[in-house]
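Peer 1: For reference, the sequence and a predicted model appear below.
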Amino acid sequence: MIPEMIIKNPSSVEEVLQILSNHRTKNKIIAGGTDIIPGFHINSPRFTGIDVLVDINGIKEISQIIELDSYFSIGSSVTFSHLQASSLVREKLPVLYEAASGIGNKQIRNRATIAGNFINNAPCADSVPALLVYDAQVVVKSIENESIVSLQDFLEFPYKTILKNDEIITEIRIPKKNAHLLGSFYKLGRRRAVAISRISLAVLGSVENGIFTDFRLASGAITPIGMRFKEIESFILGKGIDRDLLKEVAVKTGSKILEVTGLRWSTPHKLPVLQKTLYQLLVNNFLENDEK
Amino acid sequence: MKSDIELNINGTAKKIFVEQSKRLLDVLRENFLLTGTKEGCSIGECGACTVVLDGEAVNSCLILIGQCGGSEIITIEGLEKDGKLHELQKQFIDKGAIQCGFCTPGMAMSAYALLLKNNNPGIEEIKEAIEGNLCRCTGYKPIIDAVHSAVKELNDS
Ligand SMILES: Cc1cc2nc3c(=O)[nH]c(=O)nc-3n(C[C@@H](O)[C@@H](O)[C@H](O)COP(=O)(O)OP(=O)(O)OC[C@H]3O[C@@H](n4cnc5c(N)ncnc54)[C@H](O)[C@@H]3O)c2cc1C
Ligand code: FES
Ligand code: FES
């Protein structure tokens, strides 16, 4: 059952912040509602006791994708359909494009927003590994403050972030120096269309004259929260690309995942799948491109 | 809290006084008696409740009426014009794409939303448009064929 609540429809971020700064009521932002509304049905403690839902759909200043001098600005309430339809995203941020295109199904992508996706910090949020490899930053505003934090620092623990009740995320920034990098996003899920991902990985990098000049690797669902694998990234940098190196990276990543997760019941079947998948992703993205 | 909400449903301007946190699905079915829109799973997985909101296919079980002020909504009842079925509806019948019919309104609305954007979609685009609509009895092939034939008919006429 959906509890009775007041729904407000502010038309600017300023107005949202005014509403959120009233601490006499329990206020909650709603964007696409694709996490909140199913959450009501299961009485999720994250969504109980709400007095006022603040609907941020239709606030223009946070629903645009813009190219600025040094970064791409993606409004927090940009939907996955919007990301999927954006030629800028498709051409310059291919990993994000792939992640966005694979989320849920058409109806979900038409409503679900990018910020709403990682604010839950569910291990299965597909935007997370994609944004992590692009060194995404998050702009957080309250009535008094504005801060810019890296997505990695924003995500605290599973299902928890540093966001406070009176704050809104207004935009996600992706440094433009990432726009020339190649990569892809992979997820293996239970069911094709609406699989909440169980294994998700993002790789991004570049190879020049057979040498890795840039490399980033991030996981989603397989680790408790999305994370970058910095040790592996620095291990590969400057090395000449060949199949043995890529195999070694896949094996090392597997061991690292064991280290951060501890053994979980699902690991024995996941790990070999993950290692093979990662190896294939690396071959497809870097070796075959290089051999062409 | 109850409030007045104005919206356009199937081409007609409407105003209702309703609990803001009532789902769009329930408002359509209970307040407007538009019972073509079905409730299957209630959590965005089955697509039986699909309607077109401002030109996009959405799950009406995941939208609250307080989020819909000023919107334009099209439901399955809005497809027929002057007593004539829409080509999509005709082809669903002709191609045997309906068995129990529970998924049909949602399927048709997903297909309709696709046609609003693209008047000549191919099979892959049709599949993507209905990926969020589950059918337990007919199987997807007759449904995809029906949409594909509707596309052909609409483009030939
Ligand atoms: C059937 C189904 C399939 C799905 N499949 C996938 C999938 O394959 N992959 C995947 O990653 N996810 C999937 N999801 C989940 C995905 O839809 C959500 O994570 C979505 O992206 C959340 O965004 P929203 O706009 O709907 O958030 P809402 O539900 O509106 O909000 C979620 C949370 O974010 C907060 N919030 C939203 N925007 C802001 C903001 N700008 N500032 C501050 N707080 C904010 C809200 O207060 C709330 O706590 C699926 C969901 C469903 C129902
Ligand atoms: S009832 Fe809405 S998607 Fe199933
Ligand atoms: S016809 Fe019965 S669910 Fe599709």
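Peer 2: Great, that's in hand. All of these numbers come straight from a predicted model, not from anything done at the bench. Ligands and ions are numbered 1, 2, ... in the order given.
Peer 1: mind giving me the domain ranges of chain B?
Peer 2: For chain B, automatic domain parsing gives the domain ranges B:2-78, B:87-156.
Peer 1: Pull the distance from the last one to the chain's centre.
Peer 2: This points to domain B:87-156. 11 Å (CA atoms, centre = their mean, to the nearest Å).
Peer 1: does ligand 1 sit close to it?
Peer 2: No: Domain B:87-156 is not in contact with ligand 1 by CB under 6 Å from any ligand atom; minimum separation 7.4 Å. Every C-beta, even on glycine, is put in place using the N, C-alpha and C of the backbone.
Peer 1: Now do the helix or strand A:Ser184 falls within: everything it contacts.
Peer 2: Taking DSSP states H and E as the definition, A:Ser184 sits inside strand A:182-188. With contact meaning CB atoms under 8 Å, 6 or more residues apart in numbering or on different chains, strand A:182-188 is reached by A:94-96, A:98-99, A:102, A:126, A:129-130, A:133, A:195, A:197-206, A:216, A:220-221, A:273, A:277, A:281, A:284-286, A:289.
Peer 1: The longest helix seen in chain B: which residues count as buried?
Peer 2: Secondary structure assigned by DSSP state H gives helix B:140-156 as the longest helix of chain B. Using 16 or more other CB atoms under 10 Å in any protein chain shown as the test for burial, helix B:140-156 gives B:Tyr140, B:Pro142, B:Ile143, B:Ile144, B:Asp145, B:Ala146, B:Val147, B:His148, B:Ser149, B:Ala150, B:Val151.
Peer 1: Okay, and the residue of the stretch 51-200 of chain A found nearest ligand 1 sits in which element?
Peer 2: Residue nearest to ligand 1 within the stretch 51-200 of chain A (CB to the nearest ligand atom): A:Gly116, separated by 2.2 Å. Using DSSP H and E, A:Gly116 sits in helix A:114-119.
Peer 1: re earlier: now mean pLDDT and distance to A:Asp166 too, for the domains of chain B, in TSV please.
Peer 2: Below are the domains of chain B laid out as TSV (pLDDT from 0 to 100; distance: least, CB to CB, whole Å):
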stretch	mean pLDDT	distance to A:Asp166
domain B:2-78	97	21
domain B:87-156	96	34
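Peer 1: Out of these, flag the one nearest ligand 2.
Peer 2: domain B:2-78 (3.2 Å).
Peer 1: what does the stretch 101-250 of chain A have sitting close to ligand 1?
Peer 2: Counting by CB under 6 Å from any ligand atom, the stretch 101-250 of chain A sits next to ligand 1 at A:103-104, A:108, A:111-113, A:115-117, A:119-120, A:124-126, A:163, A:168-169, A:194-197.
Peer 1: Kindly recompute the last result at 8 Å.
Peer 2: Contact residues (CB under 8 Å from any ligand atom) of the stretch 101-250 of chain A with ligand 1: A:102-105, A:108, A:111-120, A:122, A:124-128, A:163, A:167-170, A:187, A:189, A:194-197, A:220.
Peer 1: So which of the residues you listed would count as near ligand 2 as well?
Peer 2: Counting by CB under 8 Å from any ligand atom, no member of these is near ligand 2.
Peer 1: My guess is A:Leu274 contacts A:Gly254. True?
Peer 2: Yes: using CB atoms under 8 Å, A:Leu274 makes contact with A:Gly254 at a distance of 6.3 Å.
Peer 1: one step back: now go through the contacts of strand A:182-188 and say which are in helices.
Peer 2: Per DSSP H, the contacts of strand A:182-188 map to helices at A:Pro94, A:Val95, A:Leu96, A:Glu98, A:Ala99, A:Pro129, A:Ala130, A:Val133, A:Val273, A:Thr277, A:Leu281, A:Asn289.
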